[in-house]
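Visitor: model the structure of this input:
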Amino acid sequence: MKILYLGADAQGTTSKHRADALRRLGHEVFHLSPRSPLPNWKLIGGLSVRLGFAPFAPLLNFCLKQKMKGKDFDLAWLDTGAEVSPSFHRWLKKRGMKIINYNVDDPFSSRDGNKWNLYRKSVPYHDLTAVVRQENVEEAKATGASKVFRVYRSYDPVAHAPVIPTPEEVQKWSSEVSFIGTWMPERGEFMARLVELGVPLTIRGEWWQKAPEWERFKSAWKGPSILGREYILSLQLSQVTLGLLSKGNRDLHTTRSAEVPYIGGTAFCAERTVEHQTMYAEGEEAEFWSSPEECAEKCFKLLCDEEMRKRMVTAAKVKVEAKGLSNDAVLKDVLNQLKLSKP
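Guide: Reported below is the predicted structural model:
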């Protein structure tokens with residue numbers, strides 16, 4: 001099947017991983033980034049929250065159509081799709097394409113201002129709307145979705161395959177308790193409290209200096225976000241990896257919830273939620289917590305018992321594979337909803 005794939009195309013992004021998974025499933029994928037004509041991602045990101053993507057739609061529509069000249073597709077796969085206007089959806093439909101929108105973000109929440117305005121107006125044009133939150137199912141239907149499919153986030157079996165580190169990499173990336181992710185308002189106090197409780201913490205990610213609590217945990221921050229091999233090494237060589245959620249995005253699990261156990265080498269110690277408890281057996285395949293004090297207690301327990309960590313790491317990997325949470329398996333299920341799984 002010939003697929004037009006609209007989504008971020010940078011190496012290391014989960015959008016790129018999903019495009020590659022569709023290729024592994026045997027499909028011919030033509031990958032375009034809707035934002036490629038726009039300068040300076042951070043500036044555009046800020047403007048999109050305030051204004052939405054409507055002001056940029058004429059330019060983006062024109063550029064996408066130019067790049068698609070002379071090409072025909074069976075399916076348009078929109079990964080998130082915040083930038084894609086209703087008029088472009090109508091144009092795709094006129095060219096005979098089915099449209100699948102796959103969104104791991106929370107386009108129906110109020111956190112991101114006007115960013116998702118075009119998305120919400122375009123929902124009625126989707127042949128299938130795939131979402132990762134139970135709340136999003138009814139919200140999508142209320143916005144006009146004809147068919148909604150709820151999925152769990154997934155790992156990539158190629159991009160997240162464990163690596164064999166060099167001695168230099170072991171020295172550079174080894175840690176005791178780690179977290180990779182962006183600062184959010186609810187995370188600053190949590191990290192500060194862990195440091196005060198004596199947790200040997202390593203933080204990597206963006207915007208942590210904005211936290212009011214920065215002085216209390218800045219010793220734990222080791223640098224910005226990492227991708228690719230460095231991302232794998234940082235997780236694989238940490239004894240314990242924390243799983244924090246985004247309250248603004250109403251998360252009950254995240255992509256890390258699948259990636260960390262698949263990569264292996266590190267015990268997954270995450271916020272206790274119904275979905276995390278559905279994914280993994282507490283105390284056997286992962287540890288969960290509901291407060292910084294309980295998190296610290298669980299971290300110290302794991303750090304002090306290497307054999308328990310090893311058993312947990314092995315069991316979690318077996319579970320995440322058994323649950324079919326690879327990109328290949330999840331995307332095949334999505335295509336099956338429209339009976340499109342065959343190349």
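Visitor: what residue is smack in the middle of the chain?
Guide: Thr255 (4.3 Å; C-alpha atoms, centre = their mean).
Visitor: and that residue, what pLDDT?
Guide: At Thr255, the pLDDT value in this model is 96.
Visitor: could you find the closest non-adjacent residue to it?
Guide: Nearest residue to Thr255 in three dimensions, chain neighbours excluded: Arg153, at 4.4 Å (C-beta to C-beta, 6 or more residues apart in numbering). Heads up, the C-betas are built off the backbone N, CA and C, glycines and all.
Visitor: what of Arg24?
Guide: Using C-beta to C-beta, 6+ apart, the nearest residue to Arg24 is Asp328, at 5.8 Å.
Visitor: would you map the strands across the stretch 101-250 of the chain?
Guide: 128-131, 148-150, 175-180, 201-204, 221-223, 238-243 (DSSP state E, counting those that start in this stretch).
Visitor: want to try a markdown table for these, with mean neighbour count as columns?
Guide: As requested, those are exported to a markdown table (neighbours: other C-beta atoms under 10 Å):
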| stretch | mean neighbour count |
| --- | --- |
| strand 128-131 | 25 |
| strand 148-150 | 17 |
| strand 175-180 | 22 |
| strand 201-204 | 22 |
| strand 221-223 | 15 |
| strand 238-243 | 24 |
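Visitor: and these: which comes nearest Thr13?
Guide: strand 175-180 (14.4 Å; C-beta to C-beta).
Visitor: flag every buried residue along the strand or helix carrying Glu307.
Guide: In this structure, Glu307 sits in helix 306-322 according to DSSP states H and E. Buried positions in helix 306-322, judged by neighbour count with 16 or more other C-beta atoms under 10 Å: 309, 312-313, 315-317, 319-320.
Visitor: neighbours of the residue nearest to Thr255, just the number please.
Guide: 19 (other C-beta atoms under 10 Å).
Visitor: low-confidence stretches in the stretch 51-200 of the chain?
Guide: By pLDDT under 70, the stretch 51-200 of the chain has no low-scoring segment.
Visitor: that one: helices as residue ranges?
Guide: 57-67, 86-94, 117-122, 134-142, 167-173, 185-196 (DSSP state H, counting those that start in this stretch).
Visitor: contacting residues for Thr80?
Guide: 7-8, 15, 101-105, 107, 119 (C-beta atoms under 8 Å, 6 or more residues apart in numbering).
Visitor: run the last query once more with 10 Å
Guide: When contacts are counted by C-beta atoms under 10 Å, 6 or more residues apart in numbering, Thr80 is found next to 6-8, 14-15, 34, 101-105, 107, 115-116, 119.
Visitor: from Thr14, how far out is it?
Guide: 10 Å (C-beta to C-beta, to the nearest Å).
Visitor: quick check: neighbours shared by those two?
Guide: 7-8, 104.
Visitor: would you mind measuring from the closest residue to Ala211 other than its chain neighbours to Lys93?
Guide: Closest residue to Ala211 apart from its sequence neighbours, by C-beta to C-beta, 6+ apart: Gly188 at 3.3 Å. Applying C-beta to C-beta, the value for Gly188 to Lys93 is 45 Å.
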